[in-house]
Structure formats: structure tokens, C-alpha cells
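In: Test case, fold it:
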Amino acid sequence: MLTRDRLQHAYRLVRDELLAERDSSGHWVGELSSSALSTATAVSALSIVRRHGAAEHYPPDRLQPLVACGLEWLAGRQNDDGGWGDTDKSVSNIATTMLIQAAFCLAGATEGNAAMLDRAQQYIEARGGVAGLRARYGKDKTFAVPILTNAALAGLVPWHEVAPLPFELACLPSWLLGAARLPVVSYAIPALVAIGQARYYHARPSNPFVRFVRRLALGPSLKVLERMQPASGGFLEATPLTSFVVMSLAGIGRAAHPVARRGVDFLAASIRSDGSWPIDTNLATWTTTLAINALASAGEDVEGDRSDLPRSGPKGASHKSDLSPCLDWLLSCQHRGVHPMTSAAPGGWGWTDLSGAVPDADDTAGALLALAHLRQSCTVEEAERIDRAATLGLPWLLGLQNRDGGWPTFCRGWGNLPFDRSGVDLTAHALRALWAWVQGSGFGVQGSGFRVQGSERRRLAAALARRDMAIVNRAVQRGLRYLAAQQRPDGSWVPLWFGNQHHPQEENPVYGTAKVLMAYRDLGLLDTEPARRGLNWLVAQEDAEGGWGGPTTPGLARGPAMSSVEETAVAIEALLPAASDPATEPSVSKGLTWLVQAVHSGRHREPSPIGLYFARLWYYERLYPLCFTLSALGQAIRHGPEMR
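Out: Prediction:
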């Protein structure tokens, strides 16, 4: 039986483990899963560079050990069905399997691995080959074209199977790119340029005018590519995107180009000791804001004991977390200039503090929520710095809202391809961030940087506050209408950035519905019709043991092995405000029992591959189950059902 003592003990265990995960500077870096897909693309890129690169730039003894280590890691992770999944916990998929097949071909390692590659070929054919790959991505060419380019460079498919990309459009002003309705998403301009040029080089267009225009655009588009490349050399800090750029340039005789050389440096620096690569260097900003917000929502004093200094807000009762070192770091992560890749204005946050990050809606919302929490217990000087950051961040987030009322990831009004269109998880997060500042931190007067001195300035500040509040209220109402319109007939919502590999459409309605309900909770709207339908749907998804995460389609197996700590934790947190309802209380109690048992058995240290990276690449993050569990258990202690 779940008791309050047992609940509190589990909470303290998770809290102490999460706090112990901070690095020496006081923030969280986390650890992304190694990726078979990333490793395959890196091996392919380095193999082509090794074959075509200038010896003075790429000595043979520099790249060959990296290729060999990557191949060895991949060879040990083939699934029983002959395919590979993105992570060691993922089911096989045709994209990753085709990329691994190409990597072994390009590395010249097919003879010693013939049996393994025969099984891979059988898997690919059973999934429909090239047609099956295209079916996986539909109209979105962001990932299908790079995979086929990789296969063409390996001689596995003819170049006519690779769709030509209009790389000349990268030379257009950024404000025109969204209107151009490109076949790739906003963050994939580097791939558009490099892969488009590779396709042009190996299979020239038959139309003489198109051929002429693209020939003229070769140099200027490479300049765009060079301008977009971050200091680290890794586009988006992402191994796959950087690898596709490097292999494409090397495949057309440009292995010595500065973009390719910096990309190789990035790949060489980001290989892990076991020979694998992750999908991205890290999600440090995202994981840090998740941790801060989890601790704060659990009632911890996230600033620590600073009683010797003047404070802007009430002192907390507990001083165990002491996250004051995080403030300087988090503020330093805010982008203060126009971003070279998306032309985003100053004010947003990306997912990491590294140079390849791009400001986006989800990370900006998370950072603004964390700053609102930190502001409740900090010095006057720190509050002023937080306000200045919010003065940039809040308008940035407001300005990203799409015409449909929802929030996209990177760019307003870009299109309807995945990760460019509005998303319910992004929208719910943005609404929570805006509302936190409206309710808690004096958005308008303090948030606009005004220091009230004299009656005239007080009147001006009040007028500005009213104007700002009107802007925010309009944005919130539009966002709520978008969420209501996106609710599915069964009451659920489906997110962009998270999935469930066991779901027939690889969607994660448990996560999406929980995150939307948290927005309704924060805005005091849980008694509205969309929220009630969402709550009812979420209750119905709990399995017999008390967990969430199994597929909900009739005929598919469900059970405790398919429930995840992450999905169970977010479902419980979303249901807790309705725990007094007789229809909800049994579900919450059973779920809490499941989650507490998971902590006491150590299962909360086992992350699940529910993360969806760019272009539907699966990942897991070691800190997700800790952050999600802490938030759920902490709120259960504060607001949960009565227990002895």
C-alpha cells in the first residue's frame, strides 16, 4: 500500500539523484543515447572524405580508426529481424538499416560482414526498399533525400532515385524562404545546399534553364552554407545533418572545402569512447530547465539560502537545492543576435549552450518558466537581470505564434512540414510560459524594464502594462482555440517532439495530452470541455498495473513492460489537479503506486526511447525519467490525494 512516508522517501531519492547529476558549473548536461543512425552517417562521411580528401588535410591515420570503431559498434547492434533501430532500445526501421548498409559499403567492409549485410538486405526488401523509405516520410524530403543520397554515393541506388533539391533558393533572402514552400524544413537549409549540389553534380537536370541557374548558384549557395556553419563545425550540433553535408561535399570533390573540414573536425571530436555517435552533442539547456522547473513545481527553493543579500521575493522554507549557479549559465544561453541559420531575432533560447544551437519555441518557453521560478527567490540585482532577459524572450516567443494560433518550432509561417508546422506540445508550453510571467512576475511593468519613479512614469508603466497584457491575452486566447481545434475526437492530443515506437503511427498521445492538460491546469481551465475530455481519455489509457505508455489501438498487446516511467510520470502530473474527482482518484493512486515502486526498484534510471529528434529520429535522454518523476512525486506530496 502506498503511504505518505513511502511517497516522500521516493521523492527524496529522486531529488538527490537529480541534484547529484549537475556538472561542476552547477547546471545539467545529461546524456543522449548513442545512435546507430548517427554512427552510420558519420562512418559514411568519414569514409568518403578518406577516399577523396586531400592528404595534407586528412592524414590516413586520423580517420581510419574512427571508421573502424564505428563499424565495430554497429556490427554488434543488429536486431534479430536483420534491421537496426535508432537506439539500442529501438525497433528496426528502414531508414537506419539503409544508412548502415551504405556505411559498410563506403568503408569497404562488406566482405567480412556478408552474412550480416544479407540479413539487412532482406529486411530492406521486406519493407519495400526505396518505395518503403519514401512511404515512411511522405511529402517531407528532409530525410528521405539525404538517405538516398548516402545510398547513391555508396552505389546502392541510381542517382535518378534521388530527388533534385532547389539549392539555388538558399540564396534568397531569409524572409522569402518560408514563402517558397521548400520541400525541406527550415532547419535543413545546409542539407538543401550540399545534397542539392551533389545531386546536380552526379545527375544534371535536362532543362537547360534550370541547369544554367543552378550552375550560377553553386558558389553563392556555398557561401550561404559557410555562413550558417557554427564555430563547432556541427550544424545544429547534430551528427546526421553534419555528416550529410560533409559526405555530399566530399562526394563532389570538395572534401577540402572549409565547411567539410570543419565538419570533419566536429565528427572527430564528438565520437564516443565506444565508437558511437549520439544524434546531438547534448540538450544541456533543455535538461537544465526541465530540472529547475521540476524542482520548483515540487516546492523546492530553487535559489538556495541567500539570506545575507536583499531579496526581491519571499524566502523559501527549504534551501536544499541551491540552483543559484544555474542563473548565470541560463542567462548566458539566451541568443543575443540574429541567428545565421534561421534569421531568428535576438531573445530566444536553443537546446544547448553550444554554438550549433538554434533558438526555438520549446526551449525558450522552458527557459522563461525556469526564470520565472528563479525570480521568486533571488537578489534585486538578479531580478533585474532576469527581467532584462524576459524583456527580450517574451516578445520573441509572442512573435513566433503562427496564424493558426499555435506555435511552431523555429520559424513563423514557414509551412506544414513536420517540425515547421504548429504543434500542441509547443503551444501548451508557450502558453504556460506566458502565463507564468503574467501571473507571477509582473509582466508589463517589471517585465518591460521600467523602474517606476514619479507619477508620470507610473502612469506610463501602467499604460504599457495594459497594452502588454492585451497582447498576451490575445495570444493566449488564440493558442487555446488552436489547442481545442487540434484535439482528436477521442479527447487526446498528439505532440511533435515525442513519440511511442509501439504506437501504430509512432505517435505519443499520452505525452501530448498530458502536456496540454498542464497548460489548462496553469491557466485554471481544467473545468472546460476540452480539458474534461482530455482527462477522461488519459484516465482510460492507464494499464492494469498503473502505468502509461502502451499502444491504445485494439488488438495490440499492452502490459507493464510497455509502460514507461516518463509517460507514467507526465500522466500522473496532468491528472493530479483532478485527483479529488471520484472518477480520477483511483487512477492517480494506482499510478503513484506504480511510479513509487519504479523508484524503489531502480527502474526510474532506465530511460525509454520516447524522444523524437529532427526527421523522426528516436532517442532517449538519461535525465528525462528523473526530471519527470521528480515533478510528479513532488506535486503529489503537495497537492495529491490523502494517504496515511
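In: now the strands: where do they sit in this protein?
Out: 34-35, 277-278, 611-613, 617-619 (DSSP state E).
In: For L368, give its distance to C105.
Out: Here the criterion is Cβ to Cβ, to the nearest Å. By it, L368 lies 47 Å from C105. Yep, even glycine has a C-beta here, placed from its N, CA and C like the rest.
In: just to revisit the earlier point, can you tell me which of the strands of the chain is most buried?
Out: strand 277-278 (a mean of 26; mean count of other Cβ atoms under 10 Å).
In: Direction included, what does that strand pair up with?
Out: Strand 277-278 sits in its sheet next to strand 34-35 (antiparallel), going by DSSP bridges.
In: Check which residues of stretch 433-440 are buried.
Out: A433, L434, W435, A436, W437, V438 (16 or more other Cβ atoms under 10 Å).
In: Just give me how far it sits from the chain centre.
Out: 23 Å (Cα atoms, centre = their mean, to the nearest Å).
In: Out of the strands of the chain, which is closest to G347?
Out: Taking Cβ to Cβ, strand 611-613 is the member of the strands of the chain nearest to G347, at 24.2 Å.
In: What is that closest one packed up against?
Out: strand 617-619 (3 or more Cβ pairs under 8 Å, 6 or more residues apart in numbering; DSSP states H and E).
In: Contacts for the strand it packs on, please.
Out: For strand 617-619, the external contacting residues (Cβ atoms under 8 Å, 6 or more residues apart in numbering) are 32-33, 35, 37-38, 85-87, 90, 240, 278-279, 499, 501, 609, 611-613.
In: Could you tell me which of the residues you listed are located in helices?
Out: With helices taken from DSSP state H, the overlap with the contacts of strand 617-619 comprises L37, S38, P240.
In: Next, count neighbours for Q64.
Out: Around Q64 there are 15 other residues, counting by other Cβ atoms under 10 Å.
In: Which residue is the nearest non-sequential neighbour of it?
Out: R50 (6.7 Å; Cβ to Cβ, 6 or more residues apart in numbering).
In: Contacts only, for the one you found.
Out: By Cβ under 8 Å, 6+ apart, the neighbours of R50 are Y58, P60, L63, Q64, V67.
In: Give me the buried entries from those.
Out: Using 16+ other Cβ under 10 Å, the buried ones in those are Y58, L63, V67.
In: From those residues, which one has the minimum pLDDT?
Out: When the buried ones among the contacts of R50 are compared by pLDDT, Y58 scores lowest at 80.
In: which stretches of the stretch 351-500 of the chain have low pLDDT?
Out: 415-419, 440-467 (pLDDT under 70).
In: just the helices in it please.
Out: 361-375, 380-399, 424-440, 455-486 (DSSP state H, counting those that start in this stretch).
In: same deal with the stretch 201-350 of the chain?
Out: 208-228, 239-250, 258-270, 284-297, 324-332.
In: now the longest one: mean pLDDT?
Out: In this case it means helix 208-228. pLDDT averaged over helix 208-228 gives 94.
In: ok, K590 touching D543?
Out: No: if you go by Cβ atoms under 8 Å, K590 and D543 don't touch, sitting 9.5 Å apart.
In: To A45, which of the strands of the chain lies closest?
Out: With Cβ to Cβ as the measure, strand 277-278 is the member of the strands of the chain nearest A45 (10.4 Å).
In: The closest one: how far from the chain's middle?
Out: Distance, stretch centre to chain centre, for strand 277-278: 15 Å (Cα atoms, centre = their mean).
In: pLDDT (mean, whole number) over it?
Out: Rounded mean pLDDT across strand 277-278 is 98.
In: Dump the buried residues of stretch 433-440 into a markdown table; add distance to H257 as well.
Out: As requested, the buried residues of stretch 433-440 are exported to a markdown table (distance: Cβ to Cβ, whole Å):
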| residue | distance to H257 |
| --- | --- |
| A433 | 41 |
| L434 | 43 |
| W435 | 48 |
| A436 | 46 |
| W437 | 45 |
| V438 | 49 |
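In: Cool, thanks, talk later.
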